[in-house]
Structure formats: structure tokens, C-alpha cells
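Participant: here are the coordinates; sequence isn't available:
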């Protein structure tokens with residue numbers, strides 16, 4: 001925040017943690033709302049915004065297997081081929097590192113993820129469910145050996161029994177992964193659960209020299225609040241997206257997060273310009289963000305796919321009908 005932009009009375013007392021980094025997941029998570037069919041101009045616009053705003057990382061999309069997805073059905077950002085990446089970003093600005101997400105057991109990582117010195121990418125984020133940990137460990141080693149920074153995003157952690165989670169964290173901390181992510185996949189957590197999970201993750205991560213990150217969904221309108229709670233507890237890599245654009249209820253809003261962090265390296269105006277020019281015009285078509293059906297699935301600790309399907313239909317305002325359908329409630 002510039003001195004000119006600081007409200008009266010705020011000078012002198014604002015502190016921030018310079019070790020905190022912000023990752024923009026607009027294209028990757030938002031792509032789950034439109035089959036990753038963002039235009040190159042849209043992706044370029046988000047990239048330029050991150051450069052201007054001082055954001056540390058930008059996630060460009062997925063590295064998905066072409067045996068599982070067809071280019072005729074999904075957009076370029078499901079695959080993040082090197083040519084598409086380079087066309088979108090132009091001359092790379094070293095101030096913003098680029099990442100890609102690779103789903104365990106759904107990525108031909110040996111072939112499709114190039115050595116780092118042959119790619120514009122800097123980080124590989126491995127997304128895994130608890131039963132896929134062995135595959136995720138292989139992927140982390142492959143990415144690490146190729147020269148990438150790495151994270152493991154443990155999905156649906158709200159459904160994982162404590163003993164399984166402890167065992168998974170122990171195995172992950174013995175790997176070369178750099179950051180372990182607490183992921184609220186279903187947007188179901190409250191601050192108490194974030195505190196508990198952060199303590200559990202940090203108990204394993206700190207002695208192993210690992211960082212802990214946070215990725216929240218906004219089903220209960222708590223993505224921003226839960227991200228703040230994770231910061232308080234020690235998270236140092238924070239996910240957010242422009243206007244919260246992301247799967248279903250969306251993510252922690254970038255504009256809120258940068259406003260909260262008070263790090264002078266971050267600039268809010270470019271983010272607002274991007275939202276105004278590029279993101280908000282898509283809202284009516286994509287219908288992401290808080291809505292009652294997403295709240296219901298968050299409340300029930302369910303994957304939001306049923307709510308997403310409901311929100312795509314013409315009757316998306318019939319929220320009681322949706323509630324009854326997922327609870328099998330008969331009146």
C-alpha cells in the first residue's frame with residue numbers, strides 16, 4: 001500500500017510477514033467452470049495483472065493426460081502445452097513464477113512435464129487423494145529431479161481419518177516436496193478445523209524443513225476467513241483467485257487477500273482492473289461464487305459436483321428442490 005493510499009491513522013503500525021507468498025489459481029481452478037476454455041487473451045490478461053500486482057506465483061492450469069481428455073472437448077489449459085504457455089505470457093517476467101497442477105494417476109508426467117530448463121514453468125503442484133499417495137510421491141520425485149519447486153495438495157482432507165492423515169504426512173515429509181497444502185476441497189471447514197489441521201501439518205512439516213500452504217473454497221463464505229486463520233497459524237503460501245473465480249463457490253478472493261496482507265509489494269488496482277475488464281463479464285455465464293446449493297454441499301461435506309450440475313440448469317433458483325435431492329428429504 002502506498003503512503004498516499006493509507007487511510008489516516010494506519011501509518012506506522014501496519015506489519016506484514018515478508019515470507020508469505022501468494023499464488024493466483026484463477027486459470028486452473030476457474031477452468032473447472034468452463035472446461036478450461038479460456039481465451040489466450042484472457043490468460044494473458046490475468047498474467048499481466050499478476051505481474052503488475054506483485055503476485056508471486058500464477059497457476060496456468062493442469063498437466064492432464066491426453067489419453068483421458070480430448071482437445072476437442074476441453075481447452076488448452078487442461079494440458080498447458082509449452083507452446084500455449086509461451087504464447088499466453090509472451091516474454092516471461094521473472095518476478096512471477098509459473099506453476100501447473102498435475103493430478104495423481106491422471107498425468108503422463110514422465111513425458112509431458114519437461115525438464116525445468118526447457119519450460120517456462122517453475123513449480124509443479126501434485127494434487128492427490130489419500131489413497132494415491134504412492135503415485136504422488138513418484139510424481140514429486142520426478143518433478144524435483146527435473147528441477148521444479150513442488151507442492152502436494154492433499155485433496156478432500158475433510159474426509160480423511162486422523163491415522164491415515166498422520167501416515168500420509170509422515171511419508172510426504174520424507175520426500176523432496178517443498179510445500180504441503182491444507183486443502184478445503186468441499187468448502188466445509190470452520191476456523192477451529194483450520195487451526196487443528198495447520199497444527200497437524202506443521203508438526204510434520206517444520207522439522208522436515210517444509211512449508212505449509214492453504215487452498216480454500218467459499219461454500220460457507222469462509223474462504224477468506226479461513227485463509228486468514230491459516231496465516232495466523234503459520235501458512236506461508238496462499239492460494240487466491242481474481243474475484244474468487246474457481247470451481248463452484250470459488251476460492252479466496254485475490255482482492256480481499258492482497259488488501260489484508262499490507263505488503264507494499266502488492267498492488268490492488270491492477271487486480272480490480274482485471275476483475276472489471278475480464279472476470280466479471282463471465283459471471284452470468286459461469287455462475288461461480290457463493291450460492292445456496294454450494295452452501296448445502298459444503299454444510300454436508302460433499303463434493304460440489306451435484307451443485308455445479310444444478311447451477312448449470314435453468315431451474316437453479318429452486319434451492320429447496322436441490323436441498324431435498326441431496327438429503328433425500330421427504331416432507
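Facilitator: Nice, thanks for sending it over. None of the values given here were measured: they were computed from a predicted structure.

Participant: Run through who's touching the helix or strand that residue 42 is a member of.
Facilitator: In this structure, residue 42 is located in helix 40-53 according to DSSP states H and E. The contact list for helix 40-53 (CB atoms under 8 Å, 6 or more residues apart in numbering) reads 24, 26-27, 55, 58, 60, 76-77, 84, 87-90, 93, 95-96, 242, 254, 258, 266-268, 270-271, 273-274, 277-278. Using the backbone N, CA and C atoms, a C-beta is placed for each residue, glycine as well.

Participant: What subset of those residues is buried?
Facilitator: 24, 26-27, 55, 58, 60, 76-77, 84, 88-89, 96, 242, 254, 258, 266-268, 270-271, 274, 278 (16 or more other CB atoms under 10 Å).

Participant: Residue 229 contacts residue 194, correct?
Facilitator: Yes: between residue 229 and residue 194 there is a contact under CB atoms under 8 Å: 4.5 Å.

Participant: which one of the two has more residues nearby?
Facilitator: Neighbour tally, residue 229 and residue 194, criterion other CB atoms under 10 Å: the higher count belongs to residue 194, 24 against 21.

Participant: part of a helix, is that one?
Facilitator: Yes: Residue 194: assigned to a helix according to DSSP: H, G, I helix; E, B strand; the rest coil.

Participant: if I read this right, it contacts residue 232, doesn't it?
Facilitator: No: Residue 194 lies out of contact with residue 232 (CB under 8 Å); the separation is 9.1 Å.

Participant: Could you find the closest non-adjacent residue to residue 248?
Facilitator: residue 304 (3.8 Å; CB to CB, 6 or more residues apart in numbering).

Participant: contacting residues around that neighbour?
Facilitator: Contacts for residue 304 (CB under 8 Å, 6+ apart) come out as 186, 187, 217, 219, 247, 248, 249, 294, 297, 298.

Participant: mind running it again at 10 Å?
Facilitator: 32, 185-187, 217, 219, 247-249, 293-298, 310-311 (CB atoms under 10 Å, 6 or more residues apart in numbering).

Participant: if we can go back for a sec, which SSE is immediately downstream of the helix holding residue 42?
Facilitator: Once the chain leaves helix 40-53, the next helix or strand it forms, by DSSP H and E, is strand 57-62.

Participant: Strand partners (parallel or antiparallel) of that following strand?
Facilitator: strand 21-24 (parallel), strand 97-103 (parallel) (DSSP bridges).

Participant: Dump those into CSV; add distance to residue 39 and mean pLDDT as well.
Facilitator: CSV is the format used below for those (distance: least, CB to CB, whole Å; pLDDT from 0 to 100):
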stretch, distance to residue 39, mean pLDDT
strand 21-24, 17, 98
strand 97-103, 18, 98
